[in-house]
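A.B. asks: model the following, please.
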Amino acid sequence: PTTNQLLASMVFTPTLNFFGNASLSVNISDQGVFGSGGGQFIHATTVIIVNSVNDAPLFVIPADVTLVEDASVVFTGNTGLYPFIMSDVDDFGGEMQLEVLCEAGTFTQVNMPEDLVYSGHSGHFTLTGNKTRINEWMQTATFTTGTDFVGTANITFTGNDKGNTGSGGPKEGITIWLVTTTAVNDAPYVKTPVKPYIDIEDMYKEGYRFNAPKYGEDHQLVIVDVDSANYIIDVTITLETYGLSGSFDIDNTVNTLFISLSLPVAQINAKLETLVFRTPWNTLGPQQFTVTVSDNGYFGTGGTKSATTSFNITVIPPYTESTSQTVTETLSQSDLGKGTATFTDTATVVPVTETPSLTHSFAPITLTFTNSDTPTHAHLTGTASLTESVSFTVPKTVSKAPTESLTKTTSATNMPTGSATFTGSQTLSPLDALTASHTGSLSTSPSAMESATPSTIS
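C.D. replies: Numbers count the residues shown, from 1 in each chain. Just a heads-up that it's a prediction; the model follows:
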């Protein structure tokens, strides 16, 4: 081929990622092969303009990895086992965006660099800012495998340079990190009743019906094992107070004190939907149950896992509108005359959601003593002490507050004319059986009264 033919087939390739003006110099010599005068030489220069074309972002990410269930790893900058770098040769510090999508797993970060915008949630989020700030966030982030997830998940990183810079518009770079998670055996657990009590009349009528639809979680007894759905597990339910307080009915079997089941979880829970606990009539108080679950270690590493849970079902008295109670008060005081006094007050039981409380307030009470004889002169000084004890049971199932009437009687002998005033208040927060104790004071008016003989008010 001729020289011109060779030149016509020549290709110019700019340096990777170069753009701008490229100078091309051409030197030609004829070597003096024809005519006199020796060789002739010519030099020519031309410019080739290389236009900018936008380049997509690139990534450095960890190698595909295998982790155990519920494990966490921390990304380690631009080196180490878990590096992360998002680069772009032509962003020139402009705003970029990173989208992270986890099929299973999450990324968390304690520190948020300035000038960086985070949106989304830990399993699917975007970071918007320059690449330096984005890399700062990712290079110290913690990745945690999906909760109870077993298998291989894609973790997809998508970088968008938002058109910085050159022709071609915004460019995206995509890379995928494969994380394989191996199983670790999870321990089973037991969901117990939210409302572990029953009115004795309801117990007599139908018993305590576990998992009955009308009660929902109030009467639940459910076995949970997230990784043993298709495997046989062992469950035992024991009535610890058996022989004294009751028995079970389950799956058409009546009056049993001990239940043992070896089935898949779903079938066990189906049988528990037929479980009824019954007590003899007039049996009150807590009845203790113990549930033991073993998953037999069929799934995942770690061997057999088990759980033992104990709880009470309490049989409470039937609800009554109000109760009446006499309280004895002892007042110790010397130099009192003869007379009697009677006063009454009320207390109110107020259930609050699951835990009833009792608020008992005393209005000021005046005791008026009338002298019934002529005493010799003596002086009454000081204050008397009063102690009150109230004991009663509150059904948790009541929907309105019953009112309790308290009748209090105080009598004394050899008491002259005078008066005494008692004030006080108390608040009780009981569960089932409530015992209240209240101490107040009894003061006399006038502060000195005359009496013939020291005596005691009882």
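
A.B. asks: just the element for Glu201, please.
C.D. replies: Following DSSP states H and E, one finds Glu201 within helix 200-206.

A.B. asks: give me the residues contacting that helix.
C.D. replies: 276, 278-279, 281-284, 315-318 (Cβ atoms under 8 Å, 6 or more residues apart in numbering). All C-beta spots, glycine's among them, are computed from the backbone N, C-alpha and C.

A.B. asks: before we move on, what about stretch 140-150?
C.D. replies: With Cβ under 8 Å, 6+ apart as the test, stretch 140-150 has contacts from 67-75, 77, 82, 84, 102-109, 111, 153, 155, 179, 181-183, 186, 226-227, 300.

A.B. asks: mind showing which ranges of the stretch 151-300 of the chain have poor pLDDT?
C.D. replies: Scanning the stretch 151-300 of the chain for pLDDT under 70 picks out the ranges 241-246.

A.B. asks: just the helices from it, written as ranges.
C.D. replies: Taking DSSP state H, counting those that start in this stretch as the test, the helices found in the stretch 151-300 of the chain are 200-206, 265-272.

A.B. asks: most tightly surrounded among those?
C.D. replies: Comparing those by mean neighbour count (mean count of other Cβ atoms under 10 Å), helix 265-272 comes out on top with a mean of 17.

A.B. asks: now tell me what touches that helix from outside.
C.D. replies: 188, 210-211, 221-225, 228-229, 233, 235, 250-251, 261, 263.

A.B. asks: buried ones among those?
C.D. replies: 188, 210-211, 221-223, 225, 228, 233, 235, 250, 261 (16 or more other Cβ atoms under 10 Å).

A.B. asks: I'd like to know which of those is nearest to Pro1.
C.D. replies: Relative to Pro1, the closest of those is Ser228; by Cβ to Cβ it sits at 78.6 Å.

A.B. asks: roughly how far does the closest one sit from Ala71?
C.D. replies: Plainly put, Ser228 is 21 Å away from Ala71 if you go by Cβ to Cβ, to the nearest Å.

A.B. asks: also Phe248?
C.D. replies: According to Cβ to Cβ, Phe248 and Ala71 sit 42 Å apart.

A.B. asks: which of the two has more neighbours?
C.D. replies: Using other Cβ atoms under 10 Å as the criterion, Phe248 and Ala71 rank with Phe248 on top: 24 against 16.

A.B. asks: the more buried one is in contact with Thr274, isn't it?
C.D. replies: No: using Cβ atoms under 8 Å as the test, Phe248 is too far from Thr274 to be in contact (10.0 Å).

A.B. asks: contacts for stretch 46-61?
C.D. replies: So stretch 46-61 is contacted by 12, 14, 17-24, 26, 78, 83-91, 96, 131, 157, 159-161, 163-173, 175, 177 (Cβ under 8 Å, 6+ apart).

A.B. asks: inside strands: which ones of those?
C.D. replies: Judged by DSSP state E, strands contain the following of these: 20-24, 26, 85-87, 96, 157, 159-160, 172-173, 175, 177.

A.B. asks: neighbours of Ser262, how many?
C.D. replies: With other Cβ under 10 Å as criterion, Ser262 counts 13.

A.B. asks: ok, what's across the strand from it?
C.D. replies: Asp234 (DSSP bridges).

A.B. asks: wait, what's in contact with it?
C.D. replies: Ser262 touches 232-235, counting by Cβ under 8 Å, 6+ apart.

A.B. asks: JSON lines for those residues, including distance to Gly38?
C.D. replies: Formatted as JSON lines, these follow (distance: Cβ to Cβ, whole Å):
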{"residue": "Ile232", "distance to Gly38": "104"}
{"residue": "Ile233", "distance to Gly38": "103"}
{"residue": "Asp234", "distance to Gly38": "108"}
{"residue": "Val235", "distance to Gly38": "109"}
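
A.B. asks: pick the one among the residues you listed closest to His43.
C.D. replies: The closest of the contacts of Ser262, once distances to His43 are taken by Cβ to Cβ, is Ile233, at 90.5 Å.

A.B. asks: spatially nearest residue to the closest one, not counting backbone neighbours?
C.D. replies: Excluding its sequence neighbours, the residue lying closest to Ile233 (Cβ to Cβ, 6 or more residues apart in numbering) is Asp295, at 4.9 Å.

A.B. asks: so the one you found makes contact with Ile232?
C.D. replies: No: using Cβ under 8 Å, Asp295 makes no contact with Ile232, being 9.1 Å away.

A.B. asks: who has more neighbours out of these two?
C.D. replies: More crowded of Asp295 and Ile232, by other Cβ under 10 Å: Asp295, with 25 against 15.

A.B. asks: how far away is that one from Ile313?
C.D. replies: 26 Å.

A.B. asks: do the same with Gly80
C.D. replies: Going from Gly80 to Ile313 by Cβ to Cβ gives 56 Å.

A.B. asks: next: Phe149.
C.D. replies: Taking Cβ to Cβ, one finds Phe149 at 37 Å from Ile313.

A.B. asks: more neighbours: the two, which one.
C.D. replies: The neighbour count for Phe149 versus Ile313, taken as other Cβ under 10 Å, is higher for Ile313 (24 against 16).

A.B. asks: specify the beta-bridge partners of the more buried one.
C.D. replies: Gln287.

A.B. asks: use 509 as the first number from now on
C.D. replies: From this message on, residue numbering opens at 509, which makes the last subject Ile821.

A.B. asks: burial measure for Thr744, as a count.
C.D. replies: For Thr744, the count of nearby residues is 15 (other Cβ under 10 Å).

A.B. asks: just to revisit the earlier point, please check the contacts of stretch 648-658 and keep the buried ones.
C.D. replies: Counted by 16+ other Cβ under 10 Å, those give 575, 577, 579, 581, 583, 590, 592, 610-615, 617, 661, 663, 687, 689, 691, 694, 735, 808 as buried.

A.B. asks: contacting residues around the closest residue to Leu686 other than its chain neighbours?
C.D. replies: Spatial nearest neighbour of Leu686, excluding adjacent residues (Cβ to Cβ, 6+ apart): Asp572 at 4.0 Å. Shown in contact with Asp572 (Cβ under 8 Å, 6+ apart): 685-688.

A.B. asks: pLDDT at Asp572, what is it?
C.D. replies: The per-residue pLDDT reported for Asp572 equals 96.
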